[in-house]
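Engineer: No sequence on hand, only this structure:
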């Protein structure tokens, strides 16, 4: 049995979970609403404030879907209660970030600024000009936006300049040595 899949999901107060036909799950909470459709073979049972995920058989595909479905449901419940955040750090002389209204302007050494707009429930915070915090209720969307921002100037291995995740270790190379 899947160790992750068999764990029950406890729904906190203030969150409503509805399971419709075809395994379409809607989770409403204080921060917003998320909706997702899961594989029809996986059974989602709701008993009061506890959700259990069951699989019909022990085939390899069903075992994989069992843990995946439970984790995605748990992320939906956690997202509408607490939300998710990714912290990015900018390293490099002249590299900076600033927020103007609902736009995030990045100066990354190009001849033009790189601009991102807040959309689909994703918001940006810029506590200082070298830190960006991407926030939202959908874990996948937060991670995707953070990855797209990082891809505009990934950290390079010689000086470590670029955009990196907070806590990310950059493998450094030695560079040239003199005679």
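Structural biologist: Received, thanks. For clarity, every value in this text was computed on a predicted model and none was experimentally measured. Numbering: from 1, shown residues only.

Engineer: what about the helices in this protein?
Structural biologist: Assigned by DSSP state H, the helices in the chain fall at 60-81, 139-151.

Engineer: From the contact counts, what lies against the first one?
Structural biologist: What that stands for is helix 60-81. strand 9-10, strand 24-28, strand 33-37, strand 50-54, helix 139-151 (3 or more C-beta pairs under 8 Å, 6 or more residues apart in numbering; DSSP states H and E). C-betas here are computed from N, CA, C, even on glycine.

Engineer: Residue 16 is nearest to which of these?
Structural biologist: Nearest to residue 16 among those is strand 24-28 (4.9 Å), distances taken as C-beta to C-beta.

Engineer: Please state the offset of that closest one from the chain centre?
Structural biologist: Distance of strand 24-28 from its chain centroid, counting by C-alpha atoms, centre = their mean, to the nearest Å, is 18 Å.

Engineer: what does it rub up against?
Structural biologist: Contacts with strand 24-28, where a contact means C-beta atoms under 8 Å, 6 or more residues apart in numbering, come from 15-20, 33-38, 44, 73, 76-77, 79-80.

Engineer: Quick one: buried ones out of those?
Structural biologist: Among the contacts of strand 24-28, those scoring as buried are 15, 17, 19, 34, 36, 38, 44, 73, 76-77, 79-80 (criterion: 16 or more other C-beta atoms under 10 Å).

Engineer: Could I get those in JSON lines, plus columns for distance to residue 143 and pLDDT?
Structural biologist: Formatted as JSON lines, the buried ones among the contacts of strand 24-28 follow (distance: C-beta to C-beta, whole Å; pLDDT from 0 to 100):
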{"residue": "15", "distance to residue 143": "22", "pLDDT": "94"}
{"residue": "17", "distance to residue 143": "23", "pLDDT": "94"}
{"residue": "19", "distance to residue 143": "25", "pLDDT": "92"}
{"residue": "34", "distance to residue 143": "15", "pLDDT": "95"}
{"residue": "36", "distance to residue 143": "16", "pLDDT": "95"}
{"residue": "38", "distance to residue 143": "20", "pLDDT": "94"}
{"residue": "44", "distance to residue 143": "24", "pLDDT": "93"}
{"residue": "73", "distance to residue 143": "17", "pLDDT": "96"}
{"residue": "76", "distance to residue 143": "14", "pLDDT": "96"}
{"residue": "77", "distance to residue 143": "17", "pLDDT": "95"}
{"residue": "79", "distance to residue 143": "12", "pLDDT": "95"}
{"residue": "80", "distance to residue 143": "17", "pLDDT": "95"}
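
Engineer: Cool, thanks, talk later.
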